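# Just the structure for this:
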Amino acid sequence: MSIEAAEVHVGAIFSLQGPLSEIVRLFEKTSSDKIIIHPEIVTSQSLYQQIKESAHLDIFLSSNISIPLQLELEGLLAKDGRFTYAFGKLVLWSKNPSLVDTKGEILNSDKFHSIAILDKKNSPHGYGLATRQILEKLHLWELLQPKLIFMDNSAEMQQQVKEGKFDLAFMPLATLNPSKKVEGSLWIIPKSYYTPIEQQAVLLKRAENNAAANAFFHYLKSPQAHNIFEKYGFSLP
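Here you go, the predicted structure:
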């Protein structure tokens, strides 16, 4: 008797679309279950609200640790349903191939008019906070205030830099898909400049007894998944 394939619904921020697609392809080679990715061009905070208001997701991959912790405190996670899948990296990026140097000295020059950054209120323990920490370490936070453009998500930020609306952006490296040649120029910011950006995956309580969801959740911890996250610019836990 054949076992009917199950569907697993996975919510993730936009910058994870590339690595998750590859991980799903590998997983589905050894499983009849169907993994459905819901890539959202929103913030982790928005996905948190969706999780609270609806019940369509089984697994959620966050861009930080604060939302998984909050979901756990609210009793919305399965037992042992939270782990760190990767640490994010921040880069300073421009579509101009000669604008950003490998040490970020462009920030001390007059060669740019605007910098897009992720709003700290939408990323209290993630990329928004890290960006502020970097600029404060460089003693540039106050100085650059007139040039800072606060944005809600990295997908929109990337598009607007490509369109020439902003000169520079502090971006999650994964959004630029470093598995391929990155267009433009960038500075990979030293990890010592900011608090580690711990990104966690959660298994939601509704999927606690869902064998397919549990299988994919554990697959995200596998060496195969780790290799793909690393390929897309993440550090491994």
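# can you give me the strands in this protein?
7-13, 34-40, 59-61, 77-88, 90-94, 115-118, 148-151, 168-172, 185-188, 197-204 (DSSP state E).
# quick one: buried residues of the lowest-mean-pLDDT helix or strand in the chain?
Taking mean pLDDT, DSSP states H and E as the measure, the chain has helix 44-53 as its least confident helix or strand, at a mean of 74. By neighbour count on 16 or more other CB atoms under 10 Å, the buried set for helix 44-53 is 44-45, 47-48, 50-51. The way it works is simple: take the backbone N, C-alpha and C, and place the C-beta from them, glycine included.
# So which elements touch it?
In this structure, helix 44-53 packs against strand 7-13, strand 34-40, helix 66-73, with contacts taken as 3 or more CB pairs under 8 Å, 6 or more residues apart in numbering; DSSP states H and E.
# any residues touching the longest one, and which ones?
By that I understand helix 66-73. For helix 66-73, the surrounding residues in contact (CB atoms under 8 Å, 6 or more residues apart in numbering) are 44-45, 47-48, 51, 60, 62, 77, 81-82, 124-126, 200-202, 204.
# for this protein, longest helix please?
As assigned by DSSP state H, the longest helix anywhere in the chain is helix 17-29.
# what's the angle from it to strand 77-88?
Relative orientation of helix 17-29 and strand 77-88, computed by axes from the mean of the first three to the mean of the last three CA atoms, to 10 degrees: 130 degrees.
# Run the chain-centre distance for stretch 61-70.
Its chain's C-alpha centre and that of stretch 61-70 lie 11 Å apart, by CA atoms, centre = their mean, to the nearest Å.
# domain parsing for the chain?
Here the domain parsing of the chain from automatic domain parsing is 7-87+198-231, 89-193.
# before we move on, the earlier item: starting at the chain centroid, how far to the least confident helix or strand of the chain?
15 Å.
# ok, the residue lying closest to residue 137 once chain neighbours are set aside - contacts?
Leaving aside its sequence neighbours, residue 137 sits nearest to residue 193 (CB to CB, 6 or more residues apart in numbering; 5.3 Å). With contact set as CB under 8 Å, 6+ apart, residue 193 has these partners: 133-134, 137-138.
# hmm, 7 Å instead?
Residue 193 makes contact with 133-134, 137, according to CB atoms under 7 Å, 6 or more residues apart in numbering.
# between those, which is nearest residue 9?
Each of those was checked against residue 9 using CB to CB; the closest is residue 133, at 34.1 Å.
# From residue 141, how far off is that closest one?
Noted for residue 133: a distance of 9 Å to residue 141, by CB to CB, to the nearest Å.
# just the buried members of the contacts of helix 66-73?
44-45, 47-48, 51, 60, 62, 77, 81-82, 125-126, 200-202, 204.
# quick one: which of the residues you listed is nearest residue 237?
Proximity of these to residue 237 (CB to CB) peaks at residue 200, which lies at 9.5 Å.
# Please name the residues that touch the closest residue to residue 112 other than its chain neighbours.
Nearest non-adjacent residue to residue 112, counting by CB to CB, 6+ apart: residue 167, 3.9 Å away. Counting by CB under 7 Å, 6+ apart, residue 167 touches 94, 112-115.
# Farthest-apart pair in these, please.
Maximum pairwise distance in the contacts of residue 167, criterion CB to CB, is 11.8 Å, between 94 and 113.
# Show me which of the two is the more surrounded one.
Using other CB atoms under 10 Å as the criterion, residue 94 and residue 113 rank with residue 94 on top: 22 against 10.
# for that one, which residues make a bridge with it?
Residue 94 has these beta-bridge partners by DSSP bridges: residue 185.
# centroid residue for the chain?
In the chain, the residue lying closest to the centroid (CA atoms, centre = their mean) is residue 63, at 4.3 Å.
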